[in-house]
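K.L.:
got a structure for you, letters missing:
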């Protein structure tokens, strides 16, 4: 399965505009810092309104991009839909299965060369599906590749602090997690500022231990000898 981190996606124009407005406002307040949106990461909470009920879903951005296209029209052929959300046809066909399995979309074979047709249901009573679809569905659909992509992204963002951490441990010999965290917050205030959580730092340090750069002994981190 391809990792979601490799799937670029076009968000609906209304959502893109909101992100653009937020980024512009952030830049005005935090100049010269700018936001770079990673539109294929994270989760989206949606409420879909049907004739008989509203249903909530927590999904990946690509799933949100797919279903939001059905606000404009109730049926799409596969080629047009893949173009609209900016993903290859094989990626669309794999990801849209989520909505088919939930009974939100139905699939039929198109009459021409445009591939399959996908249609939004009008009533949840016709699907036999009930309740809220939460994070457990997203985790099952995305699998380990999604988790790996988030961890990889965190690793890239934290790499800039690695030399600083190694330098601290060279000078102090050993440091506890909270002391490393507080020192980074105190001294790494720009280019880029340190803004990670204690849990994110711990995850990064665990990676350095796996790479045999650090050791954890009696609750403190030391350089691997």
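P.N.:
That came through fine. Because the structure is a prediction, the values reported are computed rather than measured.
K.L.:
pretty sure residue 178 sits against residue 201.
P.N.:
No. Using C-beta atoms under 8 Å, residue 178 is not in contact with residue 201; the gap is 9.3 Å. For every residue, glycine as well, the C-beta is placed using N, CA and C.
K.L.:
so for those two, which residue has more residues nearby?
P.N.:
Set residue 178 next to residue 201 and count neighbours by other C-beta atoms under 10 Å: residue 201 wins out with 21 against 11.
K.L.:
quick check: pLDDT value at that one.
P.N.:
As predicted, residue 201 sits at a pLDDT of 87.
K.L.:
same question, residue 40
P.N.:
66.
K.L.:
cool, residue 174 as well?
P.N.:
At residue 174, the model reports a pLDDT of 91.
K.L.:
looking at strand pairing, list the partners for the closest residue to it other than its chain neighbours.
P.N.:
The shortest distance from residue 174 to any non-neighbouring residue, by C-beta to C-beta, 6 or more residues apart in numbering, is to residue 220 (4.2 Å). As for beta bridges, residue 220 partners with residue 176, residue 217 under DSSP bridges.
K.L.:
pretty sure residue 220 contacts residue 175?
P.N.:
Yes. Counting by C-beta under 8 Å, residue 175 is a contact partner of residue 220 at 6.1 Å.
K.L.:
tell me, what's touching those two both at once?
P.N.:
Residues touching both residue 220 and residue 175 by C-beta atoms under 8 Å, 6 or more residues apart in numbering: none at all.
K.L.:
can you give the contact residues for the host helix or strand of residue 166?
P.N.:
Per DSSP states H and E: residue 166 is located in helix 162-172. If you take C-beta under 8 Å, 6+ apart as the criterion, helix 162-172 is touched by 175, 180, 183-184, 187-188, 205, 208, 213-214, 221-223.
K.L.:
between those, which is nearest residue 90?
P.N.:
residue 208 (37.1 Å; C-beta to C-beta).
K.L.:
pull the number of nearby residues for residue 108.
P.N.:
Neighbour tally, residue 108, other C-beta under 10 Å: 10.
K.L.:
what sits closest to it if chain neighbours are left out?
P.N.:
The nearest residue in space to residue 108 (C-beta to C-beta, 6+ apart) is residue 117, at 4.8 Å.
K.L.:
re the thing from before, show me what counts as buried in the helix holding residue 166.
P.N.:
Within helix 162-172, the residues that count as buried by 16 or more other C-beta atoms under 10 Å are 162, 165, 168, 169.
K.L.:
can you lay out the residues you listed as a markdown table showing distance to residue 48 and pLDDT?
P.N.:
Supplementary listing: the buried residues of helix 162-172 in a markdown table, determined by distance: C-beta to C-beta, whole Å; pLDDT from 0 to 100:
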| residue | distance to residue 48 | pLDDT |
| --- | --- | --- |
| 162 | 44 | 88 |
| 165 | 45 | 90 |
| 168 | 50 | 89 |
| 169 | 51 | 91 |
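K.L.:
mind listing what's buried along the lengthiest helix in the chain?
P.N.:
For the chain, the longest helix by residue count, based on DSSP state H, is helix 13-30. Neighbour-count burial for helix 13-30 flags residue 15 (criterion: 16+ other C-beta under 10 Å).
K.L.:
what's the spacing between it and its chain's center?
P.N.:
For helix 13-30, the separation from the chain centroid amounts to 18 Å (computed by C-alpha atoms, centre = their mean, to the nearest Å).
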